[in-house]
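Peer 1: Below is the sequence, then the predicted model.
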Amino acid sequence: MSRQVGVLGRALPALASAAFVASWTSGFVIAKVATVDAPALTLLVWRFVPVAVALVAVTLATGAARDVPRADLRRQAVIGLFAQLGYVVLVYAAIAAGVATGTTALIDAVQPLVVATLVGPLLGLRARGAQWAGLAVGAVGVLLVVRSQLGGSQAPAAAYLLPLAAMACLVAATFLERRSPARPPVLAVLTVQVVVTAAALLVAAAVAGELAPPADGAFWVATALAAVFPTLVAYGLYWWLLRRIGVTALNALLFLVAPATAAAGAVGLGEPLTAVTLVGFALCGAGVAVVLAVEARVARSAAPAPAPVSAGAPAPPRTAHRTRS
């Protein structure tokens, strides 16, 4: 039984990482499809408001935020303004302005290098040589994946600042979360962040006159998909994985979002998929594998060694393997 629990504990972060990449990728694809016939602000309002109501109900019913100090909730509200409101609004604005999904994902994927070079030292974290090599290989892979898309966009030059600002918002949110001494439950974190985002979007949409949804079933399908996958699943896994595998490994996973977005674009949106793209896929995967392998080795070496059992002393009871939370 202990062996089975230990295997499950090691497999869970890997499964969560795959789900994170898939759900984060879905945000770019849904934004591209859904903003063709509806304003981005309208879609975002109806993506977040129902989720906010549902999360508040679940949080109150479970008491997930009952013992969380108000100061911690206020801190999560600020983090949410960067991680959800700032990031999502700017990504949708970029795609609505004509920036290709792969290009938007490319700029978003630069985040690991920013975290490693700027945020990491501020948090007392140090990327090792092998991890730098992995990040560099992943960056080359991302560039190859989206190179063919850069020339096909009709977006104005200023629009490319939008995904750059979105990436900066997510970096700021990650930095603030890692600097926080408290670790509230992920449900409470997600609820606060979604609520402040929904409130801000409601005000913005009302002022802009884009609050009323279109009478189109496709709009509600896109809204429901955006609410479940890039909002609940992707952000819930982002904060869970940040605590579980660390900031370096998590941000390395974002390298996989750009090729995953390009693949989804090729299948669902008819975007080009060439041999260069496939080489980029391989490089991204190799870079991420290196970063994650080094992170796992460091975690194992940092784990305390079991205390020796003296002769005649009873052996300690066997317990299920527990991973670091």
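Peer 2: Ah, there it is. Residues are numbered from 1 along each chain as shown.
Peer 1: doesn't Leu170 make contact with Ile79?
Peer 2: No - using C-beta atoms under 8 Å as the test, Ile79 is too far from Leu170 to be in contact (10.4 Å). (C-beta placed from N, C-alpha, C; glycine too.)
Peer 1: Pull the contacting residues for the spatially most central residue of the chain.
Peer 2: The chain has Tyr238 as the residue nearest its centroid, 4.6 Å off, counting by C-alpha atoms, centre = their mean. Taking C-beta atoms under 8 Å, 6 or more residues apart in numbering, we find Tyr238 in contact with 20, 24, 83, 250.
Peer 1: please redo it, this time with the cut-off set to 10 Å
Peer 2: Contact partners of Tyr238, counting by C-beta atoms under 10 Å, 6 or more residues apart in numbering, are 20, 23-24, 83, 170, 173-174, 177, 186, 190, 250, 253-254.
Peer 1: List the contacts of Val49.
Peer 2: Taking C-beta under 10 Å, 6+ apart, we find Val49 in contact with 194-195, 197-199, 201-202, 205, 211, 223, 227.
Peer 1: Report the separation between it and Leu241.
Peer 2: 26 Å (C-beta to C-beta, to the nearest Å).
Peer 1: Quick check: which ranges of this protein have low pLDDT?
Peer 2: Scanning the chain with the threshold set as pLDDT under 70 gives 1-9, 112-113, 116-127, 148-153, 299, 302-325.
Peer 1: For the closest residue to Ala234 other than its chain neighbours, which three-state class applies?
Peer 2: Using C-beta to C-beta, 6 or more residues apart in numbering and skipping residues adjacent in sequence, the residue nearest Ala234 is Ser23, 3.9 Å away. Recorded secondary structure, Ser23: helix (DSSP: H, G, I helix; E, B strand; the rest coil).
Peer 1: Equivalent analysis for Phe20, please.
Peer 2: Under three-state DSSP, Phe20 falls in the helix class.
Peer 1: so what's it up against?
Peer 2: 13, 233-238, 240-241, 250, 253-254, 256-257 are the contacts of Phe20 under C-beta under 10 Å, 6+ apart.
Peer 1: among these, which are in helices?
Peer 2: Among those, the ones falling in helices (DSSP state H) are 13, 234-238, 240-241, 250, 253, 257.
Peer 1: Val142: which of the residues you listed is nearest?
Peer 2: For the ones in helices among the contacts of Phe20, the residue nearest Val142 by C-beta to C-beta is Val257; the value is 8.9 Å.
Peer 1: Look at that closest one and say how many residues are nearby.
Peer 2: For Val257, the neighbour count with other C-beta atoms under 10 Å is 26.
Peer 1: same thing with Gln131?
Peer 2: Counted by other C-beta under 10 Å, the residues lying close to Gln131 total 24.
Peer 1: Quick check, it in contact with Ala289.
Peer 2: No - checked against C-beta atoms under 10 Å, the pair Gln131 and Ala289 is beyond contact range at 11.4 Å.
Peer 1: Need the residues touching each of those two.
Peer 2: With C-beta under 10 Å, 6+ apart as the test, Gln131 and Ala289 both reach Ala252.
Peer 1: name the element Gly270 belongs to?
Peer 2: For Gly270, there is no enclosing helix or strand under DSSP states H and E.
Peer 1: Could you pull up the residues touching it?
Peer 2: Gly270 makes no contacts at all, as judged by C-beta under 10 Å, 6+ apart.
Peer 1: Next, give phi and psi for it.
Peer 2: Per-residue torsions, Gly270: phi 70, psi 20 (degrees, to the nearest 10).
Peer 1: Just give me the closest of the contacts of Val49 to Ser301.
Peer 2: Nearest to Ser301 among the contacts of Val49, counting by C-beta to C-beta, is Val194 at 37.8 Å.
Peer 1: Find the nearest non-adjacent residue to that closest one, please.
Peer 2: Leaving aside its chain neighbours, Val194 sits nearest to Ala52 (4.8 Å; criterion: C-beta to C-beta, 6+ apart).
Peer 1: Could you look up the SS state of that neighbour?
Peer 2: When classified by three-state DSSP, Ala52 comes out as helix.
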